[in-house]
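Enquirer: Generate coordinates for the sequence data below:
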Amino acid sequence: MTLPVTARDEVRTAAPPSQLADFRVRCEAVAGRELPTAAALHAWSVASSREFWRTFLDWADLAWEGSAETVTTDGDVRTARFFPDVRLNYAENLLRPLPGVDDGAPALTSVHGDGSFEQLSRGELRTSVRRTSRALAAAGVRAGDTVLAVAANNGRVAVAALAVAGLGAALSTATPDMGVSTLLGRFGQVGATTAVIDRGGPGRAGVAEEDLAELLAGLPTVRRVLLLDDLPLPQLPGLEVSRLADLLSSVPADDPGPEWPRQAFDAPLWVLFSSGTTGPPKAMVHGVGGSLLEHVKEYRLHLDLRPSDTLYFHTTTAWMMWNWQLSALSVGAHVVVYDGAVSGPETLWHLVARHGVTVFGTSPAYLQLCEDEGYAPEDAVDLSAVRAVLSTGAVLHDWQFAWVTEHVGPVPVQSISGGTDIVGCFVLGHPEVPVRPGRCQSISLGLDVAALDDEERPVLGEVGELVCRNPFPSRPVRFLQDPDGERFRAAYFAQHPGVWTHGDRIEIDADGSSRLHGRSDGVLNVNGVRIGPSEIYTIVRTVPGVADAMAVETRDPAVPGSSRLALLVVLQRDHLLDDALSRRIRATLRREGSPAHVPSVILAVDEIPLTHNGKRSESAARAVLDGEPVRNVAALKNPGALESIAAAARSAEAARAAAVGDDEGDDGVHAVVARVFADVLGAPVPDDADFFDAGGTSRQTMTLMRRLRMELHRPLLLEDLLVDPSVAGVTRAVTAPATHDSPVEVLRPGEPGTAPLFLVHGYLGDVDIYRSMVDALQTPAPVYGLTSDPQIATREGITIVDIATPLVATVEETVPDGDVRLAGYSFGGLVAYEMARQLTAAGRSVTFLGLIDTEPPFGRLSRVSRVLRTLAWWIALVVPGMVEDTVAGVLRRRLGRSAPPDEEARTFAAAYRVFNAYEWEPYDGPVTYFRARFRVPVIANLLYLWRRNVRDLRVVEIPGSHHVLLSGEHTPELAARLDEALQASSSR
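Expert: Okay, here's the model as predicted:
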């Protein structure tokens with residue numbers, strides 16, 4: 001149950017004094033003076049950096065040995081070593097018993113995509129990691145080794161990672177959905193001897209069998225493979241292959257595990273990878289002590305994380321936030337991990353609510369998805385435990401802070417930024433500093449962060465290059481394959497000698513708050529997905545005909561506030577960027593990289609813009625594509641490249657405009673299909689180009705289907721698209737002799753002899769909206785979908801009765817005798833209601849009628865009820881998520897957002913009129929009403945009208961709001977409740 005706002009606010013504000021306040025007292029004793037403000041404490045931490053870090057190491061009470069007398073070997077950012085006489089073990093510090101922390105309290109919860117989860121207490125996790133260390137040691141893993149792991153973000157890999165760290169070995173991780181070439185580009189530098197692999201299983205993502213063989217063939221140093229899954233052992237000649245579970249079975253339950261060595265402060269802990277801006281991804285070695293010390297500082301001082309907290313940060317094993325989240329165990333907090341997909345705006349909020357998450361980490365892209373979908377999490381799930389929301393991965397905009405406050409609650413929104421390079425944050429939250437929308441609260445303690453202008457002067461209130469001017473412990477220990485350190489120097493110290501140059505643009509105010517302005521080194525961040533340009537270049541250059549390429553993140557003109565990926569290609573002599581080559585480039589990037597690597601736009605250009613020192617200038621190319629002036633044309637040695645890019649962009653836009661225009665009188669099927677494909681994808685595609693290879697997403701698939709049905713005025717099934725998802729394939733499917741003119745679609749075959757369930761179409765005449773729900777149903781009954789013309793609601797004089805009558809005939813033809821069961825969502829529910837009345841009047845037995853959040857029509861409402869309902873809808877439009885997207889979306893888009901096709905808007909308006917004009921009559925049969933738990937305001941609660949018209953009404957509450965019942969993460973629960981209702985109807 002969701003707490004009232006006042007009670008929830010009391011819970012969130014009743015916090016004890018921050019840990020930072022306690023630490024300040026220790027610092028003041030060392031400084032010999034008061035440090036009363038956040039600014040004063042930060043200034044002292046920078047001016048007296050050595051005293052700060054020594055004081056923090058002592059205050060943090062970590063497990064270590066040796067001497068902390070020497071904090072740094074020198075004052076140079078590039079060469080300074082921290083605490084050369086300190087020895088410690090990362091896993092020991094994360095898992096040791098802590099004063100006041102219950103060993104039986106939850107420590108690690110591993111949630112899967114189907115909602116199932118496993119949970120380990122702190123004591124159980126320590127035992128599991130210790131035993132896993134024993135198994136790894138028996139398999140041959142030793143201190144100083146490097147282990148690679150390819151797995152989704154689940155508990156199995158977390159335990160293995162901690163066990164590896166405990167032994168004193170380094171770990172390098174990646175996620176299974178990265179292409180083999182991308183994995184080899186990273187792991188090929190590591191020289192690992194052991195590979196930990198998760199091939200997944202039911203409901204879990206993993207490494208495909210064929211990819212595993214190819215990957216290991218490209219890693220000659222790997223001698224042993226340890227599998228985290230329970231699938232049959234693969235045939236991998238020349239390698240030791242075993243399941244980690246089998247190795248664990250030989251370890252006694254009471255085995256304390258091997259002794260974990262305390263290592264040098266800068267001993268290797270992790271090998272992480274840069275995004276590959278200037279070449280192959282750089283393999284960065286991060287040390288045990290620096291990573292741990294920085295993370296504990298961020299958790300305890302900036303985030304005020306405590307043993308009472310539950311942390312969930314949405315990440316994958318390929319991102320440094322995965323490493324960062326593990327370190328939360330060091331303060332005794334409970335860590336939740338998730339290996340499933342984000343299927344809709346509700347996915348992560350449901351996880352947060354179910355597992356009592358107090359600190360939720362996400363990205364601007366996910367928050368924007370929630371806002372765009374009109375989803376209001378606070379009204380859908382219980383978020384009373386949440387006390388902070390963290391965001392990173394891209395710039396968090398001002399309006400997103402406001403969205404969190406309105407739809408999550410009055411909690412601090414901490415925009416944090418740092419990166420893989422420092423496995424931590426330069427700017428982040430602060431328990432004593434107010435949140436300013438659009439800004440990061442503070443600079444990280446102990447770090448002398450500044451913004452430098454073009455003259456290398458520190459500036460306030462202006463955008464400059466983010467630099468750090470003093471040594472900090474989480475700086476990489478070294479790069480691999482960099483024997484003289486030149487790659488390391490060139491990466492961070494070439495642009496501004498003597499200071500760390502991070503590659504971000506930042507604006508810092510006098511109060512210490514800051515605003516990030518994106519990357520300055522070309523790293524792509526398309527809608528929150530970080531992509532290394534060199535990964536794209538490596539793949540594209542394998543395509544015959546491509547001589548060079550540049551990947552650029554540009555504004556998406558079709559989606560305000562979003563970005564898209566543009567690929568500039570320089571072709572080899574005698575090659576043209578024709579349809580076949582464009583298709584081959586996209587397919588190769590999708591196969592060897594990932595769907596995120598597939599560009600929305602491909603442009604053939606004469607040359608790539610280069611600076612005088614030969615460096616690629618993505619910023620110049622981006623400015624041209626965004627229609628902005630190039631900041632420093634004189635810095636380019638080939639400024640003519642900019643006109644080549646502009647000309648290619650103009651040509652592509654002209655082709656797009658022609659493709660999505662009015663067809664100039666050509667109303668042929670092919671022309672319409674080609675235009676709709678181009679409109680949905682944002683650019684024309686070849687006739688035989690695969691929709692998904694061209695960058696099409698599952699969400700765009702539904703948009704494509706709606707548009708095609710409306711504009712072609714012909715039946716089209718999703719199966720028609722999937723057989724050949726191209727312009728040519730859809731054209732053939734539509735123009736071929738009809739094979740499915742019947743308005744009945746078989747959505748799910750069932751057992752003979754069981755009464756079928758008929759699902760009635762929505763206002764667009766299709767039943768695609770039910771597919772996710774049908775997939776989750778367990779009923780043995782056949783499930784049919786009843787369809788109509790996509791524009792049936794626009795016919796002159798059409799009524800609900802007119803729509804229902806032919807569908808009744810279809811039902812009687814399909815099931816000549818026996819029981820009938822009907823259900824429908826919203827518009828379809830009202831049609832199903834009328835069908836049930838007609839069928840019972842004709843003597844048929846309707847044993848089940850399911851109305852899925854179907855409102856009563858205006859036709860029979862009293863004047864007062866009409867006023868209240870209208871008022872409620874307008875309130876709902878002001879509060880996104882209160883109503884279904886078909887209503888709120890259409891009206892909001894008319895008020896300024898990207899407009900839908902006029903035909904769809906007209907169809908909705910017509911359906912709305914038809915729906916509300918229905919003059920319903922009483923119905924004597926049983927009705928099950930599936931009611932969205934989150935509805936428009938209570939003043940519009942008109943359920944009593946259904947009770948007045950239906951004598952046998954059963955109401956079933958379903959979590960979520962109207963607009964996501966059939967597409968959000970609550971769909972499985974809706975299916976379960978529908979199964980129960982169907983079973984109950986069979987036993988009546």
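Enquirer: would you list every one of the helices in the stretch 151-300 of the chain?
Expert: Residue ranges of the helices in the stretch 151-300 of the chain, as given by DSSP state H, counting those that start in this stretch, are 155-167, 180-187, 209-217, 244-249, 288-297.
Enquirer: Would you mind measuring from Ala647 to Thr347?
Expert: 43 Å (C-beta to C-beta, to the nearest Å). Just so you know, the C-beta spots here come from the backbone N, C-alpha and C atoms, and that holds for glycine as well.
Enquirer: the more surrounded of these two?
Expert: Thr347 (20 against 13; other C-beta atoms under 10 Å).
Enquirer: For the more buried one, report the pLDDT, please.
Expert: Predicted confidence (pLDDT) at Thr347: the value is 94.
Enquirer: Glu455: how many residues sit nearby?
Expert: Neighbours of Glu455 (other C-beta under 10 Å): 7.
Enquirer: How about Arg478?
Expert: Arg478: 16 surrounding residues under other C-beta under 10 Å.
Enquirer: which residues does the closest residue to it other than its chain neighbours bridge with?
Expert: Closest residue in space to Arg478, ignoring its immediate chain neighbours: Val285 at 5.2 Å, by C-beta to C-beta, 6 or more residues apart in numbering. Going by DSSP bridges, Val285 is paired in beta bridges with Val271, Arg478.
Enquirer: Hmm, Val285 is touching Pro268, no?
Expert: Yes - Val285 is within contact range of Pro268, at 4.9 Å (criterion: C-beta atoms under 8 Å).
Enquirer: what do these two both touch?
Expert: Each of 170, 477 lies in contact with both Val285 and Pro268 under the rule C-beta atoms under 8 Å, 6 or more residues apart in numbering.
Enquirer: lowest-confidence stretch among the helices of the stretch 151-300 of the chain?
Expert: Of all the helices of the stretch 151-300 of the chain, mean pLDDT reaches its minimum on helix 180-187 (a mean of 86).
Enquirer: tell me what it is packed against?
Expert: When contacts are defined as 3 or more C-beta pairs under 8 Å, 6 or more residues apart in numbering; DSSP states H and E, helix 180-187 sits against strand 170-174, helix 209-217, helix 533-540, helix 579-592.
Enquirer: what angle separates that helix from helix 579-592?
Expert: Here helix 180-187 points in a direction 50 degrees away from that of helix 579-592 (axes from the mean of the first three to the mean of the last three C-alpha atoms, to 10 degrees).
Enquirer: Restricting to C-alpha, output helix 180-187 in CSV.
Expert: This file holds the C-alpha atoms of helix 180-187, laid out as CSV (Å, rounded to 0.1, in the frame of the first residue of the first chain):
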residue,chain,number,x,y,z
VAL,A,180,32.5,-11.6,-30.2
SER,A,181,34.7,-9.0,-32.1
THR,A,182,34.0,-6.4,-29.3
LEU,A,183,34.8,-8.9,-26.6
LEU,A,184,38.1,-9.9,-28.3
GLY,A,185,39.0,-6.3,-28.8
ARG,A,186,38.9,-6.0,-25.0
PHE,A,187,39.9,-9.4,-23.6
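Enquirer: got the angle for it vs strand 170-174?
Expert: 160 degrees.
Enquirer: mind listing what's buried in helix 180-187?
Expert: Going by neighbour count (16 or more other C-beta atoms under 10 Å), the buried part of helix 180-187 is 180-187.
Enquirer: next one: that helix to chain centre, how far?
Expert: 22 Å (C-alpha atoms, centre = their mean, to the nearest Å).
Enquirer: neighbours around the nearest residue to Gln19 once chain neighbours are set aside, how many?
Expert: Nearest non-adjacent residue to Gln19, counting by C-beta to C-beta, 6+ apart: Arg300, 4.8 Å away. When neighbours are defined as other C-beta under 10 Å, Arg300 has 21 of them.
Enquirer: Look at Arg300 and report its pLDDT.
Expert: So, for Arg300, pLDDT stands at 98.
Enquirer: Report the contact partners of it.
Expert: Counting by C-beta under 8 Å, 6+ apart, Arg300 has contacts 19-20, 23, 60, 331.
Enquirer: Leu108 now?
Expert: Counting by C-beta under 8 Å, 6+ apart, Leu108 touches 119-120, 125, 155, 158-159, 329, 334-337.
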